[in-house]
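1. Okay, structure incoming, though there's no sequence with it:
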């Protein structure tokens, strides 16, 4: 990518260019603070007179609590409060009501009911963490238990009304049955994906402190201003009286774009006790009230003509939710926008079991759906005798199959070509179990297509140019480790036409302009657009001053004839004529000049173009022929995701997604005891995610893609797409290595031994 | 957590005396005990820190040719000890295949030998468990049992022993020294790790007030040094407990096996050895068919304790794999991925 790419004229005018800072592989600006331990995560806060909270978790999955030994807990030295449904102070909104667009029913001691194992049933607050933990243990709850509904396949299914956060549960184009009837071949397969838990390294945590009517909460959050509003609603307080600070998150993956019951209880306790209170969830408590990816059962049917072109595509997903809430993994949506077909039908059923409610987990719907779709595509290619890549190219969608709209950009062909070349895909035998390495390990190659939407939400930002030529920008962005502190600063600096070293970036706090949600792979596009536009607005005002000032070398140039770079305004056609920002401000007698910007996509663009990132993932696996142990020896992904703001951070994001795909394909799976409903692997020894030794070679290529429609920046997003495509690619490679097709994830060694 | 007294005795005698008090537990590296305390599985009222007792952190060659290893030697130090690498390479390989570097830096020899099963029902205080609470019943039976025993289990307990280290130790007839109120006693690995029976769940055979002070690799056990391997099947490439594992050692006389040792991990409440299986090796030339027969005898009587029948075939296969690897000879250098089927020395890891 070149250093400077002229940008389409944005809302604030054409003075500024993207490319002086954006596009550079800048090292993350918060890196040193993190590796030296000075970056303050929520639970690192220790205000004076701090109390510690621990909540007791239900050990049954269905029923009610009949007894808590609160006397024993209260008698324990150091315990200052035992909160149960009997004495929990009121909330302004009942926890079974939903607040905001991501709102779900939550558990905040509203009654004695237990609807899943791990549900909070009491909160103990004490002078020390140890005393709080012992107090919680001393509660020794007794229950009236009902048999939990845990066996997914034994539960009734029903047509889901919506999936995800209120998306339509069904979508159809054309006549599916006619398409299947016209097919020369129908491939029908079933796939199973398990429950997975986010397991961010940093557990959910909160430190809450009331100062009179003001509430300060330190809690990791992916949607800082929006969730300030949600917290405020539960306490019926003006939003401006609530300060939510979330400068760093140790991973969120969707589970921190919400408010959970334990947080509300801690805020109530802090108010009742008049002292700050801290709670950090234990690892096992991460398998209960803070969301997960629901399990699925998926059926795909492909109708194919004699040349291997789709005549019909059906994706029917049964998604597992909780007994009391309606979040269903929108797995079927993964098939809507990828392959050309005259007829498609996606639909979802719901299944209810007695676990916590699922929610958004990195690539919600797309991850599970893509795993199934890319597997069935591979199975179809083999039946047709076609190379899997050739089969996908025959079904390449030139327009969005779901809407018929043109794509805003789509460099998927280039992804296929570059990924295949880098991987060395050519010459792959069509038959499985053909390749062994020098050690005799079965070797297989598989591929999958990656796709993820490129949404924008809404954000605002403020930019201030100061008299010394430096600047400060403000927006309440969330850095979950993805690098927002860095990439957003790069964009902001380009918006202001200064070097990023002269930029102060204020973020991660709810008293700043709303940066929207860090989710949906839309944070850079949304918050970045707001920052860029804010900077451009400030520069436009500066240009207005200069071009009307007879003392300026730019006098009379006309607003549009001026460009900004390196802290200078210059004539576009003669950059030797110009002056520094500080000179303009000094002559005008101004200490600062302020700009404002929004990041939002126009409705017309959103309706007329299909906007997606694309990619192609190629996997090589080694499989021990006798023991069935699998290792992904090589993983190459090529992705087209619009403009890449920071290649180093984007590379990390894409690789992180691909590594998540390894976990999905081979490791991640939460297992509940069928009789009690308690998770049996609620720790990181039992719930496996990839370790370094699992990822000997992961490579992410970014394919050049200009997109003039997604937003002024040309940015799509890289946060989630890496998972899609990868899971299928690995499953397909395992089949290619062994000849064994596993349709239940994760793939275990015993699935592969004869 | 439940308040406890923390005691740091100056001498072994003080430690033994302190440990005889009710509800006492000894603390060494803490990598297992602290987890159990956080889970509420272990609730000691007195924690006796023996990690700084003098004289327990040495590795000493014995006059009779054996090797005596103090109970407080760290796993990572032992795995890199020249005498161990030279004389007992499978012990080092097993150690390095387990846990993570950080855990191995903290974990001790004694703690590893006395560690508890990772059965999820043992680790869940809300579940019935005979091992935790004799007579309570075994909630693992009928539950999620993919990782449970296929050999030597009873209705009392179907848990497996979690250690990698103990697998080659059992194969080598290692012994441990235990100091107690009545003096010091020495027991073998099988005695230390009893199998469950109709009455007891098979907890380590160490009594209150007893301190495991040393591990002894017997004289002559280095005869297998040239042909010793540990192979471990796991669900990710590193940092995972064994699905099944095997340690194999051959004392070779030219092309003939003078004596062989073989133990399985991950299949029973202790490393699993069968004398009749090992006896088949003596006097024979290494051969895939022979190894398969040996593995067959080793796994005789195996039966699933739940959803784990697949482990029987895997156990048999990994026994063969370890024998083949041992026959090929101990690698000159520790593999990059110790104990892994993806070790770099491909010709040693495959039939």
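-> Perfect, thanks for sending it. Computed from a predicted model, the values in this text were never measured in an experiment. Numbers count the residues shown, from 1 in each chain, chains lettered A, B, ... in the order given.
2. Just to check, residue A:175 is in contact with residue A:345?
-> No: between residue A:175 and residue A:345 there is no contact under C-beta atoms under 8 Å: 9.4 Å. Using the backbone N, CA and C atoms, a C-beta is placed for each residue, glycine as well.
3. and these two? which has more neighbours close in?
-> Counted by other C-beta atoms under 10 Å in any protein chain shown, residue A:175 and residue A:345 do not tie: residue A:345 has more neighbours, with 22 against 14.
4. could you measure residue A:71 against residue A:696, distance?
-> Counting by C-beta to C-beta, to the nearest Å, the separation of residue A:71 from residue A:696 is 57 Å.
5. now swap in residue B:211 and tell me
-> 43 Å.
6. swap in residue A:190?
-> Residue A:190 is 32 Å from residue A:696, by C-beta to C-beta.
7. likewise residue B:328?
-> 24 Å.
8. Check which helices and strands the longest helix along chain A is in contact with.
-> Scanning chain A for the longest helix, with DSSP state H as the assignment, gives helix A:523-547. Packing partners of helix A:523-547 (3 or more C-beta pairs under 8 Å, 6 or more residues apart in numbering or on different chains; DSSP states H and E): strand A:459-466, strand A:471-474, helix A:484-496, strand A:562-565, strand A:568-571, helix A:581-588, strand A:592-599.
9. Check these for me and report the most buried one.
-> When the helices and strands packed on helix A:523-547 are scored by mean count of other C-beta atoms under 10 Å in any protein chain shown, the highest mean neighbour count falls to helix A:484-496 (a mean of 29).
10. who's in contact with the helix or strand just after that helix?
-> Next helix or strand after helix A:484-496 toward the C-terminus (DSSP states H and E): strand A:503-506. With C-beta atoms under 8 Å, 6 or more residues apart in numbering or on different chains as the test, strand A:503-506 has contacts from A:29, A:470-475, A:485, A:488-489, A:492-493, A:496, A:512.
11. Redo the residues you listed as a markdown table? Include pLDDT and distance to residue A:186.
-> Compiled in a markdown table, the contacts of strand A:503-506 are given as follows (pLDDT from 0 to 100; distance: C-beta to C-beta, whole Å):
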| residue | pLDDT | distance to residue A:186 |
| --- | --- | --- |
| A:29 | 92 | 54 |
| A:470 | 97 | 65 |
| A:471 | 98 | 61 |
| A:472 | 98 | 61 |
| A:473 | 98 | 56 |
| A:474 | 98 | 57 |
| A:475 | 98 | 51 |
| A:485 | 96 | 51 |
| A:488 | 98 | 48 |
| A:489 | 97 | 53 |
| A:492 | 97 | 53 |
| A:493 | 97 | 55 |
| A:496 | 97 | 58 |
| A:512 | 98 | 55 |
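12. Adding distance to residue B:121, write the residues you listed out as JSON lines.
-> JSON lines is the format used below for the contacts of strand A:503-506 (distance: C-beta to C-beta, whole Å):
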{"residue": "A:29", "distance to residue B:121": "47"}
{"residue": "A:470", "distance to residue B:121": "61"}
{"residue": "A:471", "distance to residue B:121": "60"}
{"residue": "A:472", "distance to residue B:121": "56"}
{"residue": "A:473", "distance to residue B:121": "54"}
{"residue": "A:474", "distance to residue B:121": "52"}
{"residue": "A:475", "distance to residue B:121": "49"}
{"residue": "A:485", "distance to residue B:121": "44"}
{"residue": "A:488", "distance to residue B:121": "48"}
{"residue": "A:489", "distance to residue B:121": "50"}
{"residue": "A:492", "distance to residue B:121": "54"}
{"residue": "A:493", "distance to residue B:121": "56"}
{"residue": "A:496", "distance to residue B:121": "60"}
{"residue": "A:512", "distance to residue B:121": "49"}
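13. Give me the subset of the residues you listed that also touch chain B.
-> With C-beta under 8 Å from any C-beta of the partner chain as the criterion, those include none near chain B.
14. In a helix, residue B:278, correct?
-> Yes: assignment of residue B:278 by DSSP: H, G, I helix; E, B strand; the rest coil places it within a helix.
15. Touching, it and residue B:257? I think so.
-> No: the criterion here is C-beta under 8 Å, and residue B:278 misses it with residue B:257 at 9.9 Å.
16. Quickly list what's touching both of those two.
-> Counting by C-beta under 8 Å, 6+ apart, residue B:278 and residue B:257 have no common neighbour.
17. and residue B:188, how many neighbours?
-> Residue B:188: 14 surrounding residues under other C-beta under 10 Å.
18. So whichever residue of the stretch 401-550 of chain A sits closest to chain B versus residue A:307, what's the distance?
-> Among the residues of the stretch 401-550 of chain A, residue A:439 lies closest to chain B, at 2.6 Å counting by C-beta to the nearest C-beta. Here the criterion is C-beta to C-beta. By it, residue A:439 lies 40 Å from residue A:307.
19. between these two, who's got more neighbours?
-> Set residue A:439 next to residue A:307 and count neighbours by other C-beta under 10 Å: residue A:439 wins out with 18 against 9.
20. Find the residue closest to residue A:456 in space, skipping its chain neighbours.
-> Of all residues not flanking residue A:456 in the chain, residue A:601 sits nearest, at 4.1 Å (C-beta to C-beta, 6 or more residues apart in numbering or on different chains).
21. Please disregard the earlier target; I meant residue A:378.
-> Closest residue in space to residue A:378, ignoring its immediate chain neighbours: residue A:732 at 4.1 Å, by C-beta to C-beta, 6+ apart.
22. was I right about residue A:155 contacting residue A:352?
-> Yes: contact criterion C-beta under 8 Å: residue A:155 and residue A:352 qualify, at 6.2 Å.
23. residues shared between the contacts of those two?
-> residue A:149.
24. can you pull out the strands in chain B?
-> Taking DSSP state E, the strands of chain B run over residues B:5-7, B:24-27, B:46-49, B:59-61, B:67-70, B:175-180, B:183-188, B:211-217, B:228-233, B:244-253, B:256-265.
25. right, so of these, which gets closest to residue B:294?
-> strand B:256-265 (6.7 Å; C-beta to C-beta).
26. between the closest one and strand B:244-253, how many degrees?
-> For strand B:256-265 against strand B:244-253, the angle by axes from the mean of the first three to the mean of the last three C-alpha atoms, to 10 degrees is 160 degrees.
27. for chain A, what are the nearby residues on chain B?
-> Contact residues, chain B versus chain A (C-beta under 8 Å from any C-beta): B:1-3, B:38, B:40, B:118, B:120-121, B:124, B:126-127, B:142-144, B:233-241, B:243, B:310, B:313-314, B:317-318, B:320-321, B:337, B:341-342, B:346-347, B:349-351.
28. Swap in 7 Å and give it another go.
-> Within chain B, the positions near chain A by C-beta under 7 Å from any C-beta of the partner chain are B:1-3, B:40, B:118, B:120, B:124, B:126, B:143-144, B:233, B:235-240, B:243, B:310, B:313-314, B:317-318, B:321, B:337, B:341-342, B:346, B:349-350.
29. Can you say which of those are buried?
-> Buried members of the residues of chain B next to chain A, scored by 16 or more other C-beta atoms under 10 Å in any protein chain shown, are B:1-2, B:40, B:118, B:120, B:124, B:126, B:143-144, B:233, B:235-240, B:243, B:310, B:313-314, B:317-318, B:321, B:337, B:341-342, B:349-350.
30. quick one on the thing from earlier: looking at residue A:71 and residue A:696, which has the bigger crowd around it?
-> residue A:696 (15 against 10).
31. Please look at the more buried one and residue A:633 and confirm they touch.
-> Yes: between residue A:696 and residue A:633 there is a contact under C-beta atoms under 7 Å: 6.2 Å.
32. What average pLDDT does stretch B:333-341 get?
-> Mean pLDDT, stretch B:333-341: 94.
33. all helices of chain B, in order?
-> Taking DSSP H as the test, the helices found in chain B are B:12-19, B:33-39, B:75-79, B:82-87, B:89-97, B:101-106, B:109-113, B:166-171, B:189-192, B:275-279, B:288-298, B:310-328.
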